[in-house]
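A.B. asks: Structure, please.
(2 chains)
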There are 2 protein chains.
Amino acid sequence: MTATAATKFELITTDGVARRGRLSTAHGEINTPAFMPVGTAGTVKAMMPEDVATTGAEIILGNTYHLMLRPTAERVARLGGLHKFMNWPKPILTDSGGYQVFSLSKRRTINEKGVTFQSHIDGAKVKLTPERSIEIQRLLGTNITMVLDECTEWPISEEDARKSMELSIRWAARCKTAFEQRPGFGLFGIVQGSMYPELRRESVAHLKNIGFEGYAIGGLAIGEPQEEMFEVLEYTVPALPKGRPHYLMGVGKPADIVGAVMRGIDMFDCVIPTRSGRTGQAFVRGGSLNLRNAKHVEDSRPLDVACRCQVCANYNRAYLHHLIKAGEMLAGMLLTFHNLHYYQDLMAQIRGSIESGTMSDFVTTFDREQRTGAVISETE
Amino acid sequence: MTATAATKFELITTDGVARRGRLSTAHGEINTPAFMPVGTAGTVKAMMPEDVATTGAEIILGNTYHLMLRPTAERVARLGGLHKFMNWPKPILTDSGGYQVFSLSKRRTINEKGVTFQSHIDGAKVKLTPERSIEIQRLLGTNITMVLDECTEWPISEEDARKSMELSIRWAARCKTAFEQRPGFGLFGIVQGSMYPELRRESVAHLKNIGFEGYAIGGLAIGEPQEEMFEVLEYTVPALPKGRPHYLMGVGKPADIVGAVMRGIDMFDCVIPTRSGRTGQAFVRGGSLNLRNAKHVEDSRPLDVACRCQVCANYNRAYLHHLIKAGEMLAGMLLTFHNLHYYQDLMAQIRGSIESGTMSDFVTTFDREQRTGAVISETE
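C.D. replies: Numbering: from 1, shown residues only, chains lettered A, B, ... in the order given. As a prediction, the model looks like this:
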């Protein structure tokens, strides 16, 4: 059994293990490696949707958990779907709701059928099954639907990791059955198995047997050291189908992304650039600046002289520091814009380096900037 | 003694008492009647500066009180002035700091020399004199500087109002002396005298004798009924020089603005459109909508079908309601944008009506919409 080509993935070129590709959906193309800004509750926080596109984003991620509770999937569907509701005409990927059920909700109980939890909004008892997760994502009108999986903690025993992985596989099969094939809309499976190579390999084998449009690596970026994450990628990604996109869920910091691309990952999502922007942190070459710090109070330099975003063109560190101290919303708006631009620019540089076969040079420069602090060290 | 033509005001045409003019400054022209969005602490709250211009604003107001305390006028000056600091290249008017000293600060003491108050930020003791207010506004680089005046409460006895008005006149004369004349930068006087015709007339006579680039009416929009405000305008504005702009400070709601234009006012500022936007209120024809209200939960209509702003083009009431319930910043961003667009569109309609001599028709329609609730009533 293989997936029908509901979404098309073209592998344009490779540079070592790093891959340059293009994923086509009903709402447009996504050049990979791609970073997906997170639009939790139908908005990429602190951003006008038009500006999200301006930063270079070609796809965003929506959270099924948040949207199913408020405004509800049925309401979004009656209002014309998530693209229209939030004025984002480009592709949308939604997670299955599983991760947030395990991290945000209270009093959850899990069994073969699914998971029952208490809403963090109004305390209501809510059920989420593989079939319901697929239905919700269909109602939202998402281009890339994720299967419902159980998210384990780190660390976890091999026995518990196996039980959980096997449950996630049975749920993945139910998701595949429930998913309605339509041109330009696809279903991705999620590899589980924690830090156990044998479990990861079994998970991949099962998922390939079911057949998906893309393959995500789940259960990472949950507190484990970067080396452990990379290790999992090194033995898991080679087992994935080469002709399908590989998506590392919830990752990550810039160095995590660069390292994961070098291990064959095509897609990423993470709240770091947006959340950091709202708490006064700006990503620059070599690391990040904390704009709350008093040392910026009269610094007339942009966040990063090499950055071509409109925030760096028009505002200096002193102004951003002032906005933070004054509690002004514009601080979060400008820093989020800059951070998303930084991430999208990073992905564009990665794609260009793969195309020109210079990815190892790019990584050398990137690593040196991270080691020396680049822009950061100029400031101290 | 008359003011030098540091800013140029051209009275283009009139329609009854309503005036259509153009004020020229070093940073550009302002078509009047004009509404100035308030950019308290170096930012029009929840708005990208580029978007403030998109709504049609040609000038914004900055608050001397806030900026002198943080980041301080000297720091703004060292960073290149307020226009550059906040990325607003168009004209800026700053108030004198007086109003906020009287409304926001604690433990203030006033004497002939000036006012001493405690900062609401860090409790520091701060002095503000007419000369210091002018110096601060010069350091900020403001195009239109306001004189420091004492702001009285409403109601107030005639005796107290007279004492205060006379002090404000002496301060106004000191401001004029302290103000450095430069082409494209002007100083406005402020008429005081509360609700007492004789005091208002005396205040105007004194100010004309000192000579200013423009004349503001102060001491209104502080709790008095609209009729009392209009009454003050009716006996005060005719006494003002016709060749200078007339500015009604801190006003107001759309109906206040329309009524004041009909009584010869050229300039307005108010926090209502921005503050309302951040608290879920949207201005529409005939009144306002409270988007917090549950009745909007699945309303697929824009805020106002006749509005041509990008918020009304791209988002519906259900989405705005959702953003508010979810506590998302985008709610305040979108509603502030719409409200500022509403205000600027109102001013554009007023200017067009004066030009074509149809201001009374405009007022008839406006009043009918206010009376019937226009858009509001469609929703109930």
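
A.B. asks: which SS class is A:F117?
C.D. replies: strand (DSSP: H, G, I helix; E, B strand; the rest coil).

A.B. asks: Let me know whether it touches A:G123 as I believe.
C.D. replies: No. Between A:F117 and A:G123 there is no contact under C-beta atoms under 8 Å: 10.5 Å. Yep, even glycine has a C-beta here, placed from its N, CA and C like the rest.

A.B. asks: out of the two, which sits in the busier spot?
C.D. replies: Counted by other C-beta atoms under 10 Å in any protein chain shown, A:F117 and A:G123 do not tie: A:F117 has more neighbours, with 24 against 9.

A.B. asks: what's the residue nearest the centre of chain A in contact with, if anything?
C.D. replies: Against the mean C-alpha coordinate of chain A, by C-alpha atoms, centre = their mean, the closest residue is A:D269 at 1.2 Å. Shown in contact with A:D269 (C-beta atoms under 8 Å, 6 or more residues apart in numbering or on different chains): A:F35, A:M36, A:P37, A:V38, A:L61, A:L93, A:Y247, A:M249, A:G250, A:V251.

A.B. asks: Tell me how far it lies from chain B.
C.D. replies: With the distance defined as C-beta to the nearest C-beta, to the nearest Å, A:D269 ends up 19 Å from chain B.

A.B. asks: is it true that that residue lies in a strand?
C.D. replies: Yes. Checked against three-state DSSP, A:D269 lies within a strand.

A.B. asks: Quick check, pLDDT for it.
C.D. replies: Looking at A:D269, its pLDDT is 98.

A.B. asks: Identify the bridge partners of it.
C.D. replies: Applying DSSP bridges to A:D269 gives these bridge partners: A:M36.

A.B. asks: Spell out which parts of chain A neighbour chain B.
C.D. replies: Listed as neighbours of chain B in chain A under the rule C-beta under 8 Å from any C-beta of the partner chain: A:41-43, A:45-49, A:66, A:70-71, A:75, A:78-80, A:85-87, A:297-298, A:300, A:310, A:314-316, A:318-319, A:322-323, A:325-326, A:328-330, A:332-334.

A.B. asks: Can you select the buried ones from those residues in ChimeraX?
C.D. replies: The ChimeraX selection below is limited to those of these classed as buried (16 or more other C-beta atoms under 10 Å in any protein chain shown):
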select /A:41,42,43,45,46,47,48,49,66,70,71,75,79,85,86,87,298,310,314,315,316,318,319,322,323,325,326,328,329,330,332,333,334
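
A.B. asks: Keep only those of the residues of chain A next to chain B that are in helices.
C.D. replies: A:49, A:66, A:75, A:78, A:85, A:310, A:314, A:318-319, A:322-323, A:325, A:329-330, A:332-334 (DSSP state H).

A.B. asks: check contacts around A:I110.
C.D. replies: A:T116, A:E150.

A.B. asks: Now for the nearest residue to A:T40 once chain neighbours are set aside, how many residues are close by?
C.D. replies: Spatial nearest neighbour of A:T40, chain neighbours left out: A:N63 (4.7 Å); criterion: C-beta to C-beta, 6 or more residues apart in numbering or on different chains. For A:N63, the count of nearby residues is 21 (other C-beta under 10 Å).

A.B. asks: One more: A:V261?
C.D. replies: 28.

A.B. asks: can I assume it is in contact with A:R351?
C.D. replies: No. Contact criterion C-beta under 8 Å: A:V261 and A:R351 do not qualify, at 9.3 Å.

A.B. asks: which neighbours do these two share?
C.D. replies: The contact sets of A:V261 and A:R351 overlap at A:P33 (C-beta under 8 Å, 6+ apart).

A.B. asks: ok, how many other residues are close to A:G327?
C.D. replies: Using other C-beta under 10 Å: A:G327 sits among 9 other residues.

A.B. asks: Over to A:E213?
C.D. replies: Using other C-beta under 10 Å, A:E213 has 24 other residues around it.

A.B. asks: separation between it and chain B?
C.D. replies: From A:E213 to chain B the distance is 29 Å (C-beta to the nearest C-beta).

A.B. asks: That residue: what's it in contact with?
C.D. replies: A:A3, A:A5, A:A6, A:T7, A:F9, A:I144, A:G186, A:L187, A:F188, A:R244, A:P245 are the contacts of A:E213 under C-beta under 8 Å, 6+ apart.
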